[in-house]
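Undergrad: sequence and predicted model, in that order:
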Amino acid sequence: MAQWATAERHWWEQRWFVIAVALIAAVPLLYPQIPPLLDLPGHMGRYRVQLDHDRMIWLNDWYDFRWQLIGNLGVDLLIVPLTPLVGGDLELAVKLIVITIPVLTVAGLLWIAREVHGRIPPTTLFALPLAYSFPLHFGFVNFALSMAFALNLFALWLRLARLGKFRLRAALFVPLSCLLWVCHTFGWGALGVLAFSAEMIRQHDRLPQNFNSFGERVRHWVSAWFRAGLGCLPLAPPMLLMIAWRSEGNVTGRTTDWFNWRAKIGWVTMVLRDRWQAFDIASAAILYFILLRGARDASIEFSRNLLLSALFLLAVYLLLPRIVFGSAYADMRLAPFMLAIGVIALRPRKGVSLRGAATIAALGLAFFLVRIAGNTASFYLYAKSYQRQLAALDKLPEGARLISFVGETCNNQWFMSRLQHVPALALERKLAYTNDQWSMAGAQLLTVRYRLRGFAHDPSQLVTHEQCPRQWWRPLKRSLVLFPRYSFDYVWILSPPPFDPALLKGLKPLWYDAETRSGLYEVDHDAEGPKVSQEELTPPPPSETAS
């Protein structure tokens, strides 16, 4: 029977197949006008201020936008040349950029596998659904774009090493690493970890292997470690950019929440979290089963190169805090890529039959297509939800002072409405003030200038039925009573929890959706607002809010 490791390229290794699966990765994003990624609408509001604050001067009364060199500018920079190229359509420009993320991620994973194994193992196809991992669904678009670039740059790093072009590699990766850092610091850091681990294996293998003692073996690895560090020096210049960025006096954002083991265990089950919990967890379980099978099955082996890379990423994951420089979910973002590198490290041994390898490839392709179909259906439903809510903007005038309240739950439900930053589309489409923008100097180019007693920026737009433990979110009752009415002209309520209609006193209805209980209201500045006792507005003590 023919063996898998023959000179012939099989169907899953052909160029046409690689191009096809990369393009298929774009399918879930084709229908939605706005990619339904949790934080993305909030970023789109910032992009609108970035593009138009010089023309629409009232935006400068509300927001302070200043260009500065920070490690979080991927999409922010790309929309500058792309938006004019698509006729000034910011939404189309953002959509085109976001579509490239899963395409580049799939291409990068396949390219890495090709460089490391000499061909694409059939097991690699199981890693491709991670192109739609939880961090992308969360809307971390600069991060996701940087990781897609990092995977492809790592493949280029491996290719240049394979061809022995080390001087060319050094010359190329000084500017490339700086550009990757500007896209997002996380991508640069991940590339450094991947490149260093690969260089360690290369340096280890090129040195003499005749060990006479354990001490010689240790010295050999220490030498490989040192030589790998020297080989990765072309990736070091962004460290100077990092120091300059974090040394600026106005930069805020703490690094905290170390070794949150409960959260870390949760993140590894959520790598494919989208809409349907059973489907997503079962899909993740398949990936972990593949890894376990690789460790126990004699017909499958790990590449030492990528196995060390996966172990290094695992160590980083365990050491990373949850919040880095004020950006939350730092460790969660790494989990799917750690798993992806582990999966593409697998390959069938030489004795595996061609029929067995083809069966594995067919199963991996089926897994990928099923996940893509699930993502496509999920994004279609999210897009319909966005369209339903955005109908309110037809009643909103340009330049309005708008406050928004989006319903949220206290329990961490698997399904997320992804409406939390939809109010920012009023800023993007209507140049209105919205209270959902992030305001952290040094982390984003935009900070909020409008001072509104706790209703100026994120997370003031999130409201619940009752006070949630360990959260800044307010109950909707408190928000409707306490928001400064003379500072706003309109109120937009999206999918709220149940509430007393009497709380809408002083608000004139302009648009209402009965199914979601969402509504747009104009503030009547001559009318009194609802009257609620101070006792009702005071949150209960922590012991009464604990779940």
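TA: Thanks, I have the structure now.
Undergrad: what's around the closest residue to M56 other than its chain neighbours, how many residues?
TA: In this structure, M56 finds its nearest non-sequential neighbour in L431, 5.3 Å apart by Cβ to Cβ, 6 or more residues apart in numbering. Backbone N, C-alpha and C define where each C-beta goes, glycine included. Using other Cβ atoms under 10 Å, L431 has 21 neighbouring residues.
Undergrad: residues touching L431, list them.
TA: When contacts are counted by Cβ atoms under 8 Å, 6 or more residues apart in numbering, L431 touches R48, D52, M56, W58, L59, E398, G399.
Undergrad: so how far is S303 from G118?
TA: Plainly put, G118 is 10 Å away from S303 if you go by Cβ to Cβ, to the nearest Å.
Undergrad: correction: the previous question concerned V98.
TA: V98 is 31 Å from S303, by Cβ to Cβ.
Undergrad: out of these two, which sits in the more crowded spot?
TA: Neighbour count, other Cβ under 10 Å: between V98 and S303, V98 has more, with 22 against 19.
Undergrad: pLDDT score for that one?
TA: pLDDT, V98: 98.
Undergrad: and G231, how far is that from F149?
TA: The value you get for G231 to F149, if Cβ to Cβ is used, is 20 Å.
Undergrad: so for these two, which sits in the more crowded spot?
TA: Neighbours per residue (other Cβ under 10 Å) separate G231 from F149, with F149 holding more: 24 against 21.
Undergrad: tell me which element that one is part of?
TA: For F149, the host element (DSSP states H and E) is helix 141-162.
Undergrad: other SSEs contacting that helix?
TA: On a contact count with 3 or more Cβ pairs under 8 Å, 6 or more residues apart in numbering; DSSP states H and E, helix 141-162 meets helix 74-85, helix 90-117, helix 134-137, helix 166-183, helix 185-206, helix 330-344.
Undergrad: so which of the ones you listed gets nearest L38?
TA: Across these, L38 has its closest neighbour in helix 134-137 (6.7 Å, Cβ to Cβ).
Undergrad: how about the closest one: buried residues?
TA: With burial defined by 16 or more other Cβ atoms under 10 Å, the residues of helix 134-137 counted as buried are F134, P135, L136, H137.
Undergrad: for the first one, which non-adjacent residue is spatially closest?
TA: In space, F134 comes closest to R273 once its chain neighbours are excluded; the distance is 4.3 Å by Cβ to Cβ, 6+ apart.
Undergrad: which secondary element of this protein has the worst mean pLDDT?
TA: helix 542-545 (a mean of 35; mean pLDDT, DSSP states H and E).
Undergrad: C-terminal to the longest helix belonging to the chain, what's the next element?
TA: Scanning the chain for the helix with the most residues, using DSSP state H, yields helix 354-390. Downstream of helix 354-390, the first helix or strand assigned by DSSP H and E is strand 402-407.
Undergrad: residues in contact with the helix or strand following that following strand: which ones?
TA: Using DSSP H and E, the helix or strand that follows strand 402-407 towards the C-terminus is helix 424-430. If you take Cβ under 8 Å, 6+ apart as the criterion, helix 424-430 is touched by 34, 41-49, 90-91, 390, 393, 396-400, 402, 404, 432-434, 436-437, 492.
Undergrad: looking at V222 now. What's its pLDDT?
TA: V222 is given a pLDDT of 82.
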